[in-house]
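Undergrad: Sequence plus the predicted model coming up.
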Amino acid sequence: MAGTVSQIDIDKSVRWYAEFLDGIPLAIYRTTLEGKLVFCNKAFAQLFGFAAVRELIGYPVVQLYRNRKDRGILVESIIRGGRVEDFPLSLMKRDGTPLWCAVTAEVVFDEDGMAVLLDGVIRDITEEIKEKEALGHFDVTGTSSKEKFLGVMEMAGGVAHKLNQPLTVIGNLLNEVISDLSPHDKNYENIVKIDNQIKKLNEIARKIGAIRKYEAMEYVAGVKIVDIDKASRVRKGEEIP
């Protein structure tokens with residue numbers, strides 16, 4: 001009958017998507033929150049030294065971590081922000097070979113809004129880390145980037161929350177004042193300027209609250225500060241979904 005999707009069509013569709021994902025050179029995966037792999041592609045299997053994808057289905061991913069506590073940090077960061085980008089992790093291959101990776105992942109919710117799965121891609125950055133170590137720009141024995149990232153996320157959420165309420169109140173009050181003023185009033189221009197600055201502060205607060213990765217920039221005297229524009233997923237004129 002026209003318009004009816006047969007089981008054969010469904011099977012073909014599933015195979016097509018599986019073949020498509022296997023052809024992508026990036027390591028793609030899906031895990032449960034508990035850490036069991038429910039899907040990965042060939043690139044993922046090859047990255048970690050497995051001969052076939054089927055060897056990894058149901059595999060406890062924590063066994064790929066050099067420090068098992070790092071998985072807890074990663075999961076907490078994803079749940080807190082919904083997504084992480086280029087999150088650095090010290091992992092290892094099946095045979096124990098050290099491997100530095102950058103993980104971009106997001107949480108998957110069920111129909112009730114409960115977090116149930118994590119989807120992500122992994123990029124091998126081992127050579128990049130070795131180069132940074134050689135230049136003295138990366139210290140694997142000190143505070144790691146992932147720990148800095150978690151601290152930034154916690155700080156950002158608190159600051160954004162504290163800023164939003166007073167900025168909203170001030171913005172609303174200024175709108176009332178502007179609506180009551182004549183454009184010819186001597187204070188009108190100054191009030192409009194204040195309103196524009198409040199809007200800029202609102203934009204900064206939105207970016208702080210939307211930080212999803214750790215990015216630093218040089219400040220003064222060798223001191224680094226968080227680069228809010230690069231660390232935030234908010235772009236100019238973009239709304240937070």
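TA: Received, thanks.
Undergrad: can you pull out the helices in this protein?
TA: Here the chain has its helices, by DSSP state H, at 7-22, 42-47, 69-81, 126-135, 145-180, 188-209, 228-231.
Undergrad: Reformat the ones you listed as TSV; add mean pLDDT.
TA: Formatted as TSV, those follow (pLDDT from 0 to 100):
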stretch	mean pLDDT
helix 7-22	61
helix 42-47	94
helix 69-81	85
helix 126-135	78
helix 145-180	74
helix 188-209	84
helix 228-231	73
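Undergrad: Just put those helices in a markdown table and tack on distance to Ala115.
TA: In short, each C-beta sits where N, CA and C put it, glycine included. Shown next, in a markdown table, are the helices of the chain (distance: least, Cβ to Cβ, whole Å):
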| stretch | distance to Ala115 |
| --- | --- |
| helix 7-22 | 23 |
| helix 42-47 | 21 |
| helix 69-81 | 6 |
| helix 126-135 | 30 |
| helix 145-180 | 16 |
| helix 188-209 | 19 |
| helix 228-231 | 23 |
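Undergrad: What residues are bridge-paired with Lys36?
TA: Judged by DSSP bridges, the bridge partners of Lys36 are Pro60.
Undergrad: Burial check on it, number of neighbours?
TA: If you count neighbours by other Cβ atoms under 10 Å, Lys36 ends up with 14.
Undergrad: So what's the predicted local confidence for it?
TA: pLDDT, Lys36: 94.
Undergrad: Could you verify my assumption that it touches Pro60?
TA: Yes - counting by Cβ atoms under 8 Å, Lys36 touches Pro60, with 6.3 Å between them.
Undergrad: returning to what we had before: tell me which of the helices of the chain lies nearest to Ser90.
TA: Relative to Ser90, the nearest member of the helices of the chain by Cβ to Cβ is helix 69-81, separated by 6.7 Å.
Undergrad: Could you work out the end-to-end span of stretch 34-51 for me?
TA: 24 Å (Cα to Cα, to the nearest Å).
Undergrad: sorry, back to before: taking the helices of the chain together, which one is wrapped up most tightly?
TA: helix 42-47 (a mean of 19; mean count of other Cβ atoms under 10 Å).
Undergrad: Specify the angle between the lengthiest strand in the chain and helix 126-135 in degrees.
TA: Assignment by DSSP state E gives strand 98-109 as the longest strand of the chain. Put simply, strand 98-109 runs at 120 degrees to helix 126-135, going by axes from the mean of the first three to the mean of the last three Cα atoms, to 10 degrees.
Undergrad: Please identify the buried residues of strand 98-109?
TA: For strand 98-109, the neighbour count (16 or more other Cβ atoms under 10 Å) marks 99-105, 107 as buried.
Undergrad: Need the residues that contact that strand.
TA: For strand 98-109, contacts defined as Cβ atoms under 8 Å, 6 or more residues apart in numbering pick out 30, 47-48, 66, 74, 78-79, 82-93, 115-126, 128-129.
Undergrad: Keep only those of these that are in strands.
TA: 30, 83-92, 115-124.
Undergrad: hmm, which of these are the buried ones?
TA: Among the ones in strands among the contacts of strand 98-109, the ones that count as buried (16+ other Cβ under 10 Å) are 83-92, 118-122, 124.
Undergrad: Export the buried residues of strand 98-109 as a markdown table, with columns for pLDDT and distance to Gly209.
TA: Compiled in a markdown table, the buried residues of strand 98-109 are given as follows (pLDDT from 0 to 100; distance: Cβ to Cβ, whole Å):
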| residue | pLDDT | distance to Gly209 |
| --- | --- | --- |
| Leu99 | 93 | 33 |
| Trp100 | 92 | 29 |
| Cys101 | 92 | 27 |
| Ala102 | 90 | 23 |
| Val103 | 93 | 22 |
| Thr104 | 92 | 20 |
| Ala105 | 93 | 20 |
| Val107 | 91 | 17 |
